[in-house]
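Enquirer: attaching a predicted model along with its sequence, questions to come.
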Amino acid sequence: MKVKSIYVNLPIKDIDKTKEFWTNLGFSFDEQFSDDKALCLVLNEGLIYAMLITHEFFGTFTNRPIADGSTTQVLTAIEVESREEVDNIVKLAIENGATRYKDSSDHEWMYYDSFSDLDGHQWEVMFTDPSLIPNP
């Protein structure tokens with residue numbers, strides 16, 4: 001079995017603020033799948049997307065309560081090309097209204113930092129160098 005692509009669906013409170021936040025971090029949206037109820041955040045063109053959906057519209061997809069940003073149901077981790085890119089994305093996120101929920105961590109072969117976006121979704125941004133992974 002092979003998955004063609006992935007769409008992570010997350011509830012949001014404000015379309016305009018969410019779009020501005022992610023644009024300020026340097027990300028773009030697939031306008032074909034974006035409207036006044038949802039944004040299709042492009043994480044890796046053709047492979048990985050986050051559907052950022054208003055609470056009202058998100059509620060039409062589930063019969064369970066929607067997380068309000070005060071609980072953790074998922075940690076979304078994204079890998080980038082360098083340590084500097086990790087630091088830059090987290091810095092931009094915080095400058096644009098995100099909050100830090102834990103300090104960065106350096107394991108030599110893996111470096112990551114974290115933030116909670118405007119809706120309380122937790123994101124981990126990481127860089128790995130497989131050549132530095134210790135042998136078991």
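Expert: Looks like it arrived, so ask away. The structure displayed is predicted, hence computed values, not measured ones.
Enquirer: C-alpha only now, for contacts and for neighbours.
Expert: Will do.
Enquirer: what's the lengthiest helix in the chain packed up against?
Expert: When the chain is parsed with DSSP state H, its longest helix is helix 83-95. Packed against helix 83-95 by the contact rule (3 or more C-alpha pairs under 8 Å, 6 or more residues apart in numbering; DSSP states H and E) you find helix 15-24, strand 110-116, strand 122-128.
Enquirer: just how off-centre is that helix within its chain?
Expert: 13 Å (C-alpha atoms, centre = their mean, to the nearest Å).
Enquirer: same check on stretch 73-93?
Expert: From the chain centre to the centre of stretch 73-93 is a distance of 8 Å (C-alpha atoms, centre = their mean).
Enquirer: quick one: end-to-end distance for it.
Expert: Stretch 73-93 has an end-to-end distance of 21 Å (C-alpha to C-alpha, to the nearest Å).
Enquirer: for that stretch, what is the average pLDDT?
Expert: Stretch 73-93 carries an average pLDDT of 95.
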